[in-house]
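**Student:** Can you look at this prediction? I've put the sequence above it.
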Amino acid sequence: MAELISRLPDSLISQILLYLPTKEAVRTSVLSNRWKSVWLLIPKLDLDSSEFPDYNAFVGFMEKFLNFSREEKSCLYKLRLSTQKGESDDHSCVTRWIDFVSTPKLKHLEVEFGPVKRECLEVMPLSLYICETLLFLKLHRVFLGKFESVSLPCLKTMRLELNVYANETGLGLLISSCPVLEDLIIVRRLDDNVKVLRVRSQTLTSLSIEAGSIDDDVEALAEDFEYKYLRVLIDTHRLKYLNLEEDIREFDILSNLDSLTKINICEDFDLEDSADEADIRKPYMVRNFFTSISGIIDMKLSWEAYEDLLYSSVAEQIRLSSVPRCVRSSLEFVEIKLRFHVKPIEMELARYFSKNSVILKKLVIRLKDSVEEDDQAVLIALLTLPRRSRICKIEVIGPRR
């Protein structure tokens, strides 16, 4: 069999090797002199620097591969790099590599760095922003500098994780300049230079905004930095899924979201140490947000520290009294995640959805702590909430053991 395969042209063998993991494809080089360099023609490369003896060995391997590609005038369709580098390692090699592979044939690019100091972040080359065949882009812990124009006409999926940007205008331009973008995930970091996140897209169907972990070099910022000063402006028309896992001061919807069917909001409304009126009004802002949407089917909420809110002077203003269109017409699944025991305002929230959701199928209350004997009455009250929908099932789920 090996002899038969060896008779095939190099171009066809490289296509066969394409279905193997990069490590396995490289191992074929020991089969014979005929196979020694065939693997270098594969249009896909998936490398992790941790699989090499040291970072220099990783760099040497990559340089050899790209030099061969340059001589043979071959192009990559897919490149995935996962790197861990120290302060003394080359801080610009990946930038050079991406600049080389950002050709009219590149379709899939993933660049991921482990925790690294801000000054050691790799800068993305300008050629990346005009890669007109790119379909998938993931950038993790890199620096996106200033650029005047973007041309990514085929990009459908973009993951921007723990990056630093030259400014918020550049990030907004990057998002809005992708005419067919459908799936966008942004994982924030404290020092990313973005306080107003603008998401403007006519094609986006899935949007997730998350708060990432804190690297050692920015841990000192955490004490003085509050996510409540961040704002998100969403201007989309086709959004079907929205996930907000970040304590945002406010978010504005600049267009109708009637196509939205699934939403997950994980926010920390902690009013104990804050008398900021904007914080106290936040749930009211969320209620107005729900009121403007008509098509939500699946909703997950994680709201905490409501007890003080219940006794605030504006409590009556923010109680969920009106019934949004989505609750009346489309809402089928609701999950409420609680950090501690059920509090009065959270009981009221659960009662609101069970009482007003016309076609609700399931209401889940997920508890982090187990229900004590003294709380059995609360558990019974949750399970026996009045239900507008005849088919609605209520589940109270404790912590996983």
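**Tutor:** Nice, thanks for sending it over.
**Student:** Do a quick rundown of the helices in the stretch 1-150 of the chain.
**Tutor:** Here the stretch 1-150 of the chain has its helices, by DSSP state H, counting those that start in this stretch, at 2-6, 10-17, 22-27, 55-72, 93-101.
**Student:** Comparing those, which yields the minimum mean pLDDT?
**Tutor:** Ranked on mean pLDDT, the bottom entry among those is helix 2-6, at a mean of 59.
**Student:** quick one, strands of the stretch 201-350 of the chain?
**Tutor:** All strands of the stretch 201-350 of the chain, identified by DSSP state E, counting those that start in this stretch, fall at 206-211, 231-236, 241-245, 250-253, 262-266, 298-302, 333-338.
**Student:** low-scoring stretches of the protein, by residue?
**Tutor:** 1-41, 87-91, 213-230, 246-251, 267-293, 303-322, 339-341, 369-375, 399-401 (pLDDT under 70).
**Student:** hmm, 50 instead?
**Tutor:** 1, 30, 227-228, 268-285, 304-308, 310-318, 320 (pLDDT under 50).
**Student:** re earlier: any chance of the strands of the stretch 201-350 of the chain in a markdown table, plus mean neighbour count?
**Tutor:** For every residue, glycine as well, the C-beta is placed using N, CA and C. Formatted as a markdown table, the strands of the stretch 201-350 of the chain follow (neighbours: other Cβ atoms under 10 Å):
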| stretch | mean neighbour count |
| --- | --- |
| strand 206-211 | 18 |
| strand 231-236 | 19 |
| strand 241-245 | 19 |
| strand 250-253 | 17 |
| strand 262-266 | 19 |
| strand 298-302 | 19 |
| strand 333-338 | 20 |
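**Student:** Let's have these in JSON lines, adding distance to Cys120.
**Tutor:** Shown next, in JSON lines, are the strands of the stretch 201-350 of the chain (distance: least, Cβ to Cβ, whole Å):
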{"stretch": "strand 206-211", "distance to Cys120": "23"}
{"stretch": "strand 231-236", "distance to Cys120": "29"}
{"stretch": "strand 241-245", "distance to Cys120": "27"}
{"stretch": "strand 250-253", "distance to Cys120": "32"}
{"stretch": "strand 262-266", "distance to Cys120": "31"}
{"stretch": "strand 298-302", "distance to Cys120": "34"}
{"stretch": "strand 333-338", "distance to Cys120": "37"}
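**Student:** Out of those strands, flag the one nearest Ser354.
**Tutor:** Closest to Ser354 of these is strand 333-338 (Cβ to Cβ; 8.4 Å).
**Student:** Can you name the residues in contact with that closest one?
**Tutor:** With Cβ atoms under 8 Å, 6 or more residues apart in numbering as the test, strand 333-338 has contacts from 266, 297-304, 346, 349-350, 353, 357, 360-368.
**Student:** again, only this time at 7 Å
**Tutor:** 297-302, 346, 349-350, 353, 360-368 (Cβ atoms under 7 Å, 6 or more residues apart in numbering).
**Student:** ok, of those, which come out buried?
**Tutor:** Burial of those was assessed by neighbour count (16 or more other Cβ atoms under 10 Å); the buried members are 297-302, 346, 349-350, 353, 360, 363-367.
**Student:** Closest to Leu197 out of these?
**Tutor:** Closest to Leu197, out of all of the buried ones among the contacts of strand 333-338 and judged by Cβ to Cβ, is Ser302, at 20.1 Å.
**Student:** first vs last residue of stretch 174-193, how far apart are they?
**Tutor:** 15 Å (Cα to Cα, to the nearest Å).
**Student:** tell me which residues in it are buried?
**Tutor:** 174-178, 181-190, 192.
**Student:** Among these, which ones are in helices?
**Tutor:** Leu174, Ile175, Ser176 (DSSP state H).
**Student:** In CSV: those, plus distance to Ile397.
**Tutor:** Formatted as CSV, those follow (distance: Cβ to Cβ, whole Å):
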residue, distance to Ile397
Leu174, 40
Ile175, 36
Ser176, 40
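**Student:** ok, of these, which one's closest to Ala381?
**Tutor:** Distance to Ala381, by Cβ to Cβ, is smallest for Ile175 among those, at 44.9 Å.
**Student:** can I assume that closest one is in contact with Thr203?
**Tutor:** No. Applying Cβ atoms under 7 Å, one finds Ile175 not in contact with Thr203, separated by 11.0 Å.
**Student:** thinking again about what came up before, which member of the ones in helices among the buried residues of stretch 174-193 is positioned nearest Phe143?
**Tutor:** Closest to Phe143, out of all of these and judged by Cβ to Cβ, is Leu174, at 13.1 Å.
**Student:** thinking again about what came up before, relative to Val199, which of the ones in helices among the buried residues of stretch 174-193 is nearest.
**Tutor:** Nearest to Val199 among those, with distances taken as Cβ to Cβ, is Ile175, at 5.8 Å.
**Student:** Could you look up the SS state of the spatially closest residue to the closest one that is not a sequence neighbour?
**Tutor:** The spatial neighbour of Ile175 that comes closest, neighbours along the chain excluded (Cβ to Cβ, 6 or more residues apart in numbering), is Val199 at 5.8 Å. Reduced to three states with DSSP: H, G, I helix; E, B strand; the rest coil, the structure at Val199 is strand.
**Student:** residues near Cys131, how many?
**Tutor:** By other Cβ atoms under 10 Å, 23 other residues sit near Cys131.
**Student:** Please list all residues in contact with it.
**Tutor:** Applying Cβ under 7 Å, 6+ apart to Cys131 gives the contacts Ser102, Leu106, Leu152.
**Student:** one step back: of all the buried ones among the contacts of strand 333-338, which comes closest to Glu245?
**Tutor:** Ser302 (8.3 Å).
**Student:** beta partners of the closest one?
**Tutor:** For Ser302, the beta-bridge partners are Cys266 (DSSP bridges).
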